[in-house]
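**Q** sequence and computational prediction follow.
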Amino acid sequence: MNRSARALCWAYLLADLLAARCAINAARNGAPWYAAGLFAVSLLLLVALAREYVAADERRAAAVRAERAARLRARQAEAALDWDSLCCLIGFESRGDLHDPDRCTRKDQAA
(Lines give C-alpha, C1' and ligand atoms only; values in the text may rest on other atoms or scores of the structure.)
Protein backbone atom coordinates (compact mmCIF):
# COMPACT_ATOMS: atom_id res chain seq x y z
CA MET A 1 0.00 0.00 0.00
CA ASN A 2 1.54 3.29 -1.03
CA ARG A 3 1.45 6.54 0.87
CA SER A 4 -1.56 8.06 -0.91
CA ALA A 5 -3.67 4.90 -0.49
CA ARG A 6 -2.76 4.75 3.19
CA ALA A 7 -3.73 8.43 3.62
CA LEU A 8 -7.03 7.81 1.85
CA CYS A 9 -7.77 4.84 4.12
CA TRP A 10 -7.09 6.97 7.19
CA ALA A 11 -9.36 9.72 5.80
CA TYR A 12 -12.14 7.18 5.24
CA LEU A 13 -11.70 5.85 8.77
CA LEU A 14 -11.80 9.30 10.35
CA ALA A 15 -14.83 10.32 8.29
CA ASP A 16 -16.52 7.08 9.30
CA LEU A 17 -15.89 7.74 12.99
CA LEU A 18 -17.22 11.28 12.61
CA ALA A 19 -20.36 10.05 10.85
CA ALA A 20 -20.90 7.40 13.52
CA ARG A 21 -20.48 9.99 16.27
CA CYS A 22 -22.96 12.30 14.55
CA ALA A 23 -25.42 9.41 14.16
CA ILE A 24 -25.18 8.67 17.89
CA ASN A 25 -25.75 12.34 18.76
CA ALA A 26 -28.72 12.56 16.37
CA ALA A 27 -30.27 9.45 17.91
CA ARG A 28 -29.81 10.84 21.44
CA ASN A 29 -31.41 14.16 20.48
CA GLY A 30 -34.54 12.61 19.00
CA ALA A 31 -33.79 12.79 15.26
CA PRO A 32 -34.12 9.16 14.13
CA TRP A 33 -34.12 9.92 10.38
CA TYR A 34 -30.87 11.85 10.62
CA ALA A 35 -29.43 9.07 12.76
CA ALA A 36 -30.42 6.44 10.17
CA GLY A 37 -28.97 8.51 7.32
CA LEU A 38 -25.70 9.09 9.15
CA PHE A 39 -25.53 5.41 10.05
CA ALA A 40 -25.94 4.54 6.34
CA VAL A 41 -23.17 7.02 5.48
CA SER A 42 -20.98 5.39 8.11
CA LEU A 43 -21.56 1.96 6.54
CA LEU A 44 -20.79 3.29 3.06
CA LEU A 45 -17.53 4.75 4.35
CA LEU A 46 -16.59 1.37 5.83
CA VAL A 47 -17.27 -0.25 2.46
CA ALA A 48 -15.13 2.40 0.73
CA LEU A 49 -12.33 1.79 3.23
CA ALA A 50 -12.39 -1.96 2.62
CA ARG A 51 -12.53 -1.46 -1.14
CA GLU A 52 -9.54 0.90 -1.15
CA TYR A 53 -7.54 -1.48 1.02
CA VAL A 54 -8.25 -4.44 -1.28
CA ALA A 55 -7.65 -2.36 -4.43
CA ALA A 56 -4.24 -1.25 -3.13
CA ASP A 57 -3.25 -4.88 -2.56
CA GLU A 58 -4.48 -5.81 -6.05
CA ARG A 59 -2.49 -2.96 -7.62
CA ARG A 60 0.64 -4.11 -5.78
CA ALA A 61 0.09 -7.71 -6.90
CA ALA A 62 -0.46 -6.60 -10.51
CA ALA A 63 2.77 -4.59 -10.41
CA VAL A 64 4.66 -7.63 -9.10
CA ARG A 65 3.15 -9.82 -11.83
CA ALA A 66 4.11 -7.28 -14.51
CA GLU A 67 7.66 -7.07 -13.19
CA ARG A 68 8.00 -10.86 -13.18
CA ALA A 69 6.63 -11.08 -16.73
CA ALA A 70 9.09 -8.42 -17.90
CA ARG A 71 11.99 -10.29 -16.30
CA LEU A 72 10.83 -13.53 -17.94
CA ARG A 73 10.59 -11.86 -21.35
CA ALA A 74 14.08 -10.41 -20.88
CA ARG A 75 15.48 -13.83 -19.97
CA GLN A 76 13.75 -15.44 -22.95
CA ALA A 77 15.12 -12.79 -25.30
CA GLU A 78 18.60 -13.31 -23.86
CA ALA A 79 18.28 -17.07 -24.26
CA ALA A 80 17.11 -16.65 -27.87
CA LEU A 81 20.19 -14.58 -28.61
CA ASP A 82 22.41 -17.26 -27.06
CA TRP A 83 20.77 -20.01 -29.13
CA ASP A 84 21.26 -18.03 -32.31
CA SER A 85 24.94 -17.51 -31.61
CA LEU A 86 25.79 -21.23 -31.32
CA CYS A 87 27.92 -22.33 -34.21
CA CYS A 88 27.70 -26.15 -34.29
CA LEU A 89 25.64 -29.14 -33.26
CA ILE A 90 27.64 -29.91 -30.09
CA GLY A 91 27.05 -26.40 -28.85
CA PHE A 92 23.37 -26.67 -29.69
CA GLU A 93 22.84 -30.06 -28.02
CA SER A 94 24.74 -29.16 -24.86
CA ARG A 95 23.19 -25.68 -24.73
CA GLY A 96 26.66 -24.24 -24.72
CA ASP A 97 27.89 -26.06 -21.61
CA LEU A 98 30.37 -28.39 -23.36
CA HIS A 99 31.24 -25.92 -26.04
CA ASP A 100 33.98 -23.35 -26.37
CA PRO A 101 33.34 -21.15 -29.43
CA ASP A 102 36.98 -20.05 -29.54
CA ARG A 103 38.23 -23.65 -30.03
CA CYS A 104 35.35 -24.91 -32.17
CA THR A 105 36.43 -26.73 -35.38
CA ARG A 106 32.88 -26.51 -36.80
CA LYS A 107 33.06 -30.11 -38.01
CA ASP A 108 29.39 -30.71 -37.44
CA GLN A 109 27.77 -27.51 -38.64
CA ALA A 110 24.14 -27.09 -37.75
CA ALA A 111 22.01 -26.77 -40.82
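**A** Happy to help now that I have it. Numbers count the residues shown, from 1 in each chain.
**Q** quick check: the residue nearest to the spatial centre of the chain vs N2, distance?
**A** Computing the C-alpha centroid of the chain and ranking residues by CA atoms, centre = their mean puts A61 first, at 2.3 Å. Counting by CB to CB, to the nearest Å, the gap between A61 and N2 amounts to 13 Å. C-beta here means a position set from N, CA and C on the backbone, and glycine is covered the same way.
**Q** any idea of the pLDDT on Y53?
**A** Model confidence at Y53, expressed as pLDDT, equals 86.
**Q** give me the number of residues near it?
**A** With neighbours defined by other CB atoms under 10 Å, the count for Y53 comes to 16.
**Q** could you say which helix or strand holds it?
**A** Of the helices and strands defined by DSSP states H and E, Y53 is found in helix 32-84.
**Q** and that helix, what does it pack onto?
**A** On a contact count with 3 or more CB pairs under 8 Å, 6 or more residues apart in numbering; DSSP states H and E, helix 32-84 meets helix 3-28.
**Q** the helix it packs on vs helix 32-84, what angle?
**A** Compare the direction of helix 3-28 with that of helix 32-84 by axes from the mean of the first three to the mean of the last three CA atoms, to 10 degrees and you get 160 degrees.
**Q** any idea of the mean pLDDT in helix 3-28?
**A** The predicted model assigns helix 3-28 a mean pLDDT of 90.
**Q** for the closest residue to A55 other than its chain neighbours, give its distance to Q76.
**A** The spatially closest residue to A55, leaving aside those adjacent along the chain, is A5, at 7.8 Å (CB to CB, 6 or more residues apart in numbering). According to CB to CB, A5 and Q76 sit 33 Å apart.
**Q** ok, now E67?
**A** Distance of E67 to Q76, computed by CB to CB: 15 Å.
**Q** now do L17
**A** For L17, the distance to Q76 equals 51 Å [CB to CB].
**Q** cool, and F39?
**A** 55 Å.
**Q** out of those two, which sits in the more crowded spot?
**A** Set side by side, F39 and Q76 give different neighbour counts by other CB under 10 Å, the larger being at F39 (17 against 10).
**Q** quick one, grab the pLDDT at the more buried one.
**A** Among the per-residue scores, F39 shows a pLDDT of 91.
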